[in-house]
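Engineer: Structure of the sequence below:
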Amino acid sequence: VLIDSHDFLCKKLLNKFTLPSGVLRETFSNLKRADLIIQNNKDRELRIIPQLEAYGKDISVLRYKTEYFIDNKNSILQNYKYDALLFSGIANDESFVNMVKQSGINVSEVIQYSDHYIYNEADITLLVKKYREGKIFITTEKDFIKLRRFEEFVNKYPVYFLKLGIEIILNSNVLYKKLDEIIK
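Structural biologist: Next up, the predicted model:
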């Protein structure tokens, strides 16, 4: 079971309900049947959530880490001295925006589309109108895949996506052991 620590700590009311009323995919009582609880700290360093320890299950903690920014030509961004317009179609873009800022890139504007957003020509036209020399576009990897059909945009303009990695910061041995058990 994967728990988003930020949502759990900050959205207390929403953590009491399953979708569509809240943010849970299933109730916390189902943690009793979990083999392992994974606490996702996204871009933050947080301790294990005390309520999770009450279930007596193994808990691993992970967080995202910035690997690099890459474009359609597989060129990795080397110079972080740009102003960036960020855009994404994810449910909560806060960790995405924070990770770009933490990398040293100046975020000049953020456009947030709805979760699972399907981009259209009007969106691309808006982005092109906002382009200025010395500015780059950064989006998520998920959104970048959706943009590939706008070949002229991704080839003509500096459009990059944030390549994320995962860092297991607590109990990696427990997580790997559980994964080995599943694979065998």
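Engineer: any low-confidence regions in the chain?
Structural biologist: 1, 12-15, 23 (pLDDT under 70).
Engineer: Now do the strands in the chain.
Structural biologist: 2-4, 36-40, 58-71, 83-88, 106-112, 135-140, 159-170 (DSSP state E).
Engineer: highest average neighbour count across these?
Structural biologist: Each of the strands of the chain was scored by mean neighbour count; the highest is strand 135-140, a mean of 23, by mean count of other Cβ atoms under 10 Å. Every residue, glycine included, has its C-beta placed from N, CA and C.
Engineer: partner strands of it, parallel or antiparallel?
Structural biologist: strand 83-88 (parallel), strand 159-170 (parallel) (DSSP bridges).
Engineer: Please name whichever of those is nearest to residue 61.
Structural biologist: strand 159-170 (3.8 Å; Cβ to Cβ).
Engineer: so how far is the closest one from its chain's centroid?
Structural biologist: 8 Å (Cα atoms, centre = their mean, to the nearest Å).
Engineer: and the strands paired with strand 135-140 as CSV, adding distance to residue 21?
Structural biologist: Listed next are those as CSV, based on distance: least, Cβ to Cβ, whole Å:
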stretch, distance to residue 21
strand 83-88, 24
strand 159-170, 29
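Engineer: what about these, which gets the closest to residue 56?
Structural biologist: That would be strand 159-170 among the strands paired with strand 135-140, by Cβ to Cβ, at 16.6 Å.
Engineer: Report the inter-axis angle for that closest one versus strand 58-71.
Structural biologist: Angle, strand 159-170 to strand 58-71, by axes from the mean of the first three to the mean of the last three Cα atoms, to 10 degrees: 160 degrees.
Engineer: which helix is the longest one in this structure?
Structural biologist: In the chain, with assignment by DSSP state H, the single longest helix is helix 172-183.
Engineer: what packs against it?
Structural biologist: strand 36-40, strand 58-71 (3 or more Cβ pairs under 8 Å, 6 or more residues apart in numbering; DSSP states H and E).
Engineer: Let's have the ones you listed in JSON lines, adding distance to residue 150.
Structural biologist: Formatted as JSON lines, the helices and strands packed on helix 172-183 follow (distance: least, Cβ to Cβ, whole Å):
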{"stretch": "strand 36-40", "distance to residue 150": "31"}
{"stretch": "strand 58-71", "distance to residue 150": "13"}
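Engineer: which stretch among these comes nearest residue 91?
Structural biologist: Here strand 36-40 is closest among these (Cβ to Cβ), at 13.3 Å.
Engineer: List the strands paired with the closest one, with their directions.
Structural biologist: By DSSP bridges, strand 36-40 pairs with strand 2-4 (parallel), strand 58-71 (parallel).
Engineer: In TSV, list those strands along with distance to residue 92.
Structural biologist: Output for the strands paired with strand 36-40, formatted as TSV (distance: least, Cβ to Cβ, whole Å):
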stretch	distance to residue 92
strand 2-4	9
strand 58-71	13
